[in-house]
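K.L.:
Okay, here's the prediction I keep looking at, along with the sequence it came from:
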Amino acid sequence: MADPDRLGARLLDLCLAVLVGALALYAAVAVVTAIWRPLAFIVGAVVAVIGVGWLLLALVRRRRGW
């Protein structure tokens with residue numbers, strides 16, 4: 001049989017690991033929630049700039065006959 005003291009220590013370690021993981025997840029969600037709007041705006045702006053650049057490049061290539 002397993003040592004009861006060791007079993008209790010393992011259970012305590014497991015509970016602490018779950019608690020720390022839950023706190024880390026809570027903090028990560030809080031950070032993402034706090035920066036969601038600016039992050040979405042920045043990503044949207046970057047996608048728009050890349051899209052316009054790609055479109056202009058495609059038009060220039062079509063007019064020059066590449």
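P.N.:
Structure's in. What do you need?
K.L.:
Arg61 and Leu55, how far apart?
P.N.:
Here the criterion is CB to CB, to the nearest Å. By it, Arg61 lies 11 Å from Leu55. Just so you know, the C-beta spots here come from the backbone N, C-alpha and C atoms, and that holds for glycine as well.
K.L.:
got any ranges where this protein has weak pLDDT?
P.N.:
Scanning the chain for pLDDT under 70 picks out 1-5, 65-66.
K.L.:
Tell me, how many residues neighbour Val52?
P.N.:
Using other CB atoms under 10 Å, Val52 has 10 neighbouring residues.
K.L.:
For it, which three-state class applies?
P.N.:
helix (DSSP: H, G, I helix; E, B strand; the rest coil).
K.L.:
gap between it and Gly44?
P.N.:
In terms of CB to CB, Val52 sits 13 Å off from Gly44.
K.L.:
Helices of this protein, residue ranges please.
P.N.:
4-64 (DSSP state H).
K.L.:
Nice, that's everything, thank you.
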